[in-house]
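Visitor: Sharing a model that was predicted from the sequence below.
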Protein chains: 2
Amino acid sequence: MINQLIEQIQKKDAPIVVGLDPMLSYIPTHILSKAYAELGETLESAAEAIWQYNKGIIDAVYDLVPAVKPQIAMYEQFGIPGLAAFDRTVKYCKEKGLVVIGDVKRGDIGSTSAAYAVAHLGKVQVGTKKIAAFDEDFATVNPYLGSDGINPFLEVCQEEKKGLFILAKTSNPSSGEFQDQCFVSNQRPLYENVGMKIAEWGEQCMSEKYPYSYIGAVVGATYPEMGKVLRALMPKTYILVPGYGAQGGKGKDLVHFFNKDGLGAIVNSSRGIIAAYKNEAYARFGSEHYADASRQAVLDMKEDLKQAVQK
Amino acid sequence: MINQLIEQIQKKDAPIVVGLDPMLSYIPTHILSKAYAELGETLESAAEAIWQYNKGIIDAVYDLVPAVKPQIAMYEQFGIPGLAAFDRTVKYCKEKGLVVIGDVKRGDIGSTSAAYAVAHLGKVQVGTKKIAAFDEDFATVNPYLGSDGINPFLEVCQEEKKGLFILAKTSNPSSGEFQDQCFVSNQRPLYENVGMKIAEWGEQCMSEKYPYSYIGAVVGATYPEMGKVLRALMPKTYILVPGYGAQGGKGKDLVHFFNKDGLGAIVNSSRGIIAAYKNEAYARFGSEHYADASRQAVLDMKEDLKQAVQK
C-alpha cells in the first residue's frame, strides 16, 4: 500500500491528503435542509448529509490528490448511522482510486489491538469465512502502550500489505506536555524515543520497491524544528503531517519533513479544503458550489507546497 | 455517575467490573450455530451471536456487580453490525441498572476529542435537537496528546455528570517501554507524571457526595508496586484495575490500589468471568450453562478480593 501511496503522490504530483472531517456546521444549507426534510432531525439525517457533502468533495478532488484521511470521531458522534457514513465514504474513496488513511488513533493491549487491526485493516474470521469490516488502507495508531500494543497492527499490515501512521509528535498546542519531556535514560524527549521505535518497527515492514517502510509516523506541521530532527532519526519512515492550514502550519514549515528525493511526507489539510467555501478567499464560489471551492483550495495548496519544497 | 458507581459498589459489596470483551471462540456452539443457521457466516450473524452471549452473561451477573466494561474493539472488528451489538449491549446493561464503562481508549486533538466525548458520553446537536449516540457512563481515554486532548472530555463529563478513566500505567508486558521512563524534569516516570495530571484534571470534577473525582485512572493489576505509588499520588482518583485473572493479577496484588476507606478501586475481569466455563475450575457447568459458570466466577472473585483487601 505504501507503493500505491508513493505512486499516486508522484502521478498526481501532490503530497497532499484531504482530511474528510465533516462537521454539520460546514455542510451547505441545501444539503442539510434536504436531509432534514427527508429524515427529520435525526442521526440518520446527519449521516446522510455528511455522506452527500463528502461525495461532492470527493468527486471534485479525486483526480488531484493521492489520498484522503477520514477522521472517524466526526462520524462516531452520530452513532451507528454516522459510522455507516464513514464506511460508505471509505468504500467510495477506494472506488475512486484514492488511498484511504483511517484516522482512528486506536491502540490497546495485545489481543485488543489485534481486534482493532482486524477492524480497520484486516479480515475477521466468521466460521469458515474471512470478512473485512472497515477496510481502510492505512490507520493511525497511538503508541502509549508500547510494542505489544503495536505488534498486532504490524502483523496485519504484513499480511494485508497495508500500513500505519503512528503518533510521534502531534500538532496540538499541548502535545509537548508529555511528548516533549526528556528521558533520563537517553536525554531525548518522548517523541524522539517514539520516533526511534517507529523506525525500528518499520524495518520489519519495508517496501520492496521504494526505500520506505509502510509503517509511518504522524508529526505535526506546527512543530517544524522537531520535524527536522525526526526526519533525520527516521529516514525510511513516511511522515503524515497534520496541522497545515487552519491549525497554523505553512508551506515553508514543511520543507524539513521531506527527504532529498522529494518524498517521505504527505501533508494533510482538512477544514482548509473541505470547508474552503466558508473562507473569504473562496467565498466567490458560494455554498452551492462548495466542492469547486474545495478543488481550488487543493490547487492552491499544491502550489504552496511546491514553492516551499523546491526552495 | 461516580456517585452511582460508588453506591452500587457498596450495595453489591463488590468492587468488580465484568469486562464484556467477547471473542467468537468464547461463544458456546449452541449460540453460534443458531446464528450461523439464521444469518449465514456474516458480520450480522457474528454480531447476533455476541449479543445473545452477552445477554446471557448480563442476566446471570447483573445483581452481583456494579458495573460492566464492554471493550469496543471486540465489536468494531465486526463492522457496523458489531458496533450495533455494542450499542445494544450498552443500552441493555443500563436498563439492568449497571454502570457502563465504555473501554474505547479514544483521544485526539481538541475538536476531535470533543467529537469522541460527544459520541460516547454526550449528546450531538442535529438541527434543533440534541441526540445521544453510544451514551456510556464512563469512557477510557488515552493521555498521549496532553491537556487539550483531555479538556473536551472533562467538559462533557461536567455537563452530563459522567466520568473517565484515563490510562496511566497499563497492564500489558511492554507498557513500561515508554510509561516507565523517568523524565529529566522531575525524575519521575511518565506514568507518575500522567497520574499527577489526572489528579489535577480530577480536581475540577469532584463528587459532591464522596471524596472522589469522576475523573479516574487506569492502572494494571500486574504492576502492584506502581499501583501503590499512584494510589498515594492520586488519593481522590478512582482506579480502574485491569489485568486481574487471565492476565496474571491476583487478589493479594490489589490491596494497595484501595484507599483505607475500602473504596478507590474497581477491578476488572474479562475472560476469567465471561469465558469461565472454558476454565477447568468451572467446566462442570458445561457450555449450555456458560452463564451459570460466569456467575460462579463472579462469586469466587468477590471472595478472593474480600480476603485480600481485608488483610
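Guide: Here it is on my side, so go on.
Visitor: gap between the lowest-mean-pLDDT helix or strand in chain A and the chain center?
Guide: None of the helices or strands of chain A scores lower by mean pLDDT, DSSP states H and E than helix A:290-310, at a mean of 92. Remark: helix A:290-310 is offset 17 Å from the chain centroid, using Cα atoms, centre = their mean, to the nearest Å.
Visitor: What is that helix packed up against?
Guide: For helix A:290-310, the packing partners by 3 or more Cβ pairs under 8 Å, 6 or more residues apart in numbering or on different chains; DSSP states H and E come out as strand A:16-20, helix A:43-61, strand A:265-269, helix A:271-274. Yep, even glycine has a C-beta here, placed from its N, CA and C like the rest.
Visitor: From the rest of the structure, what touches the third one?
Guide: Pointing back at strand A:265-269 there. Here strand A:265-269 makes contact (Cβ atoms under 8 Å, 6 or more residues apart in numbering or on different chains) with A:5, A:9, A:15-19, A:66-67, A:69, A:221, A:238-246, A:254, A:257-259, A:297, A:301, A:305.
Visitor: all strands of chain A, in order?
Guide: Listed in chain order, the strands of chain A (DSSP state E) span A:16-20, A:67-70, A:99-106, A:123-126, A:129-132, A:138-141, A:163-169, A:215-219, A:239-241, A:265-269.
Visitor: ranking the helices and strands packed on helix A:290-310 by burial, who's on top?
Guide: strand A:265-269 (a mean of 28; mean count of other Cβ atoms under 10 Å in any protein chain shown).
Visitor: how far does that strand sit from the chain's center?
Guide: Worked out by Cα atoms, centre = their mean, strand A:265-269 lies 8 Å from the chain centre.
Visitor: Averaged pLDDT, that strand. What do you get?
Guide: Computed over strand A:265-269, the mean pLDDT rounds to 97.
Visitor: can you check stretch A:162-169 too?
Guide: 98.
Visitor: Endpoint to endpoint, stretch A:226-244 covers what distance?
Guide: 15 Å (Cα to Cα, to the nearest Å).
Visitor: Spit out the contact partners of the nearest residue to A:Tyr282 once chain neighbours are set aside.
Guide: Excluding the flanking residues, the one nearest A:Tyr282 by Cβ to Cβ, 6 or more residues apart in numbering or on different chains is A:Ala293, at 4.0 Å. Listed by Cβ under 8 Å, 6+ apart, the contact set of A:Ala293 reads A:Ala276, A:Tyr277, A:Asn279, A:Tyr282, A:Phe285.
Visitor: measure A:Ala293 to A:Asp300 for me?
Guide: A:Ala293 sits 10 Å away from A:Asp300, going by Cβ to Cβ, to the nearest Å.
Visitor: Which one of the contacts of A:Ala293 sits in the busiest neighbourhood?
Guide: A:Ala276 (27 neighbours; other Cβ atoms under 10 Å in any protein chain shown).
Visitor: My read is that that residue contacts A:Arg284, right?
Guide: No - in this structure A:Ala276 lies outside contact range of A:Arg284 using Cβ atoms under 8 Å: 10.9 Å.
Visitor: For the stretch 51-200 of chain A, which segments count as helices?
Guide: Using DSSP state H, counting those that start in this stretch, the helices found in the stretch 51-200 of chain A span residues A:73-76, A:79-95, A:110-121, A:147-160, A:176-179, A:190-203.
Visitor: What separation do you get for A:Gly19 and A:Thr222?
Guide: 15 Å.
Visitor: same check, this time on A:Gln8
Guide: 26 Å.
Visitor: Looking at the two, which is more packed in?
Guide: Between A:Gln8 and A:Thr222, counting by other Cβ under 10 Å, A:Thr222 is the more crowded of the two (22 against 18).
Visitor: Local confidence estimate at that one?
Guide: At A:Thr222, pLDDT is 93.
Visitor: so how far is chain B from it?
Guide: A:Thr222 sits 10 Å away from chain B, going by Cβ to the nearest Cβ, to the nearest Å.
Visitor: from what I can see that residue touches A:Val241, true?
Guide: No - counting by Cβ under 8 Å, A:Thr222 does not reach A:Val241; the two are 9.5 Å apart.
Visitor: can you pull the contacts of A:Ala308?
Guide: Taking Cβ under 8 Å, 6+ apart, one finds A:Lys250, A:Gly251, A:Lys252, A:Asp253, A:Leu254, A:Val255 in contact with A:Ala308.
Visitor: From chain B, how far out is it?
Guide: 23 Å.
Visitor: What of A:Ser25?
Guide: Applying Cβ to the nearest Cβ, the value for A:Ser25 to chain B is 9 Å.
Visitor: same check, this time on A:Ile57
Guide: Counting by Cβ to the nearest Cβ, the gap from A:Ile57 to chain B is 18 Å.
Visitor: follow-up on the earlier one: make TSV out of the contacts of A:Ala293 and add pLDDT.
Guide: Below are the contacts of A:Ala293 laid out as TSV (pLDDT from 0 to 100):
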residue	pLDDT
A:Ala276	97
A:Tyr277	98
A:Asn279	95
A:Tyr282	97
A:Phe285	98
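Visitor: can you put those residues in a markdown table and add distance to B:Val61?
Guide: Shown next, in a markdown table, are those (distance: Cβ to Cβ, whole Å):
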| residue | distance to B:Val61 |
| --- | --- |
| A:Ala276 | 53 |
| A:Tyr277 | 53 |
| A:Asn279 | 54 |
| A:Tyr282 | 57 |
| A:Phe285 | 58 |
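Visitor: between these, which is closest to A:Ile50?
Guide: A:Tyr277 (16.2 Å; Cβ to Cβ).
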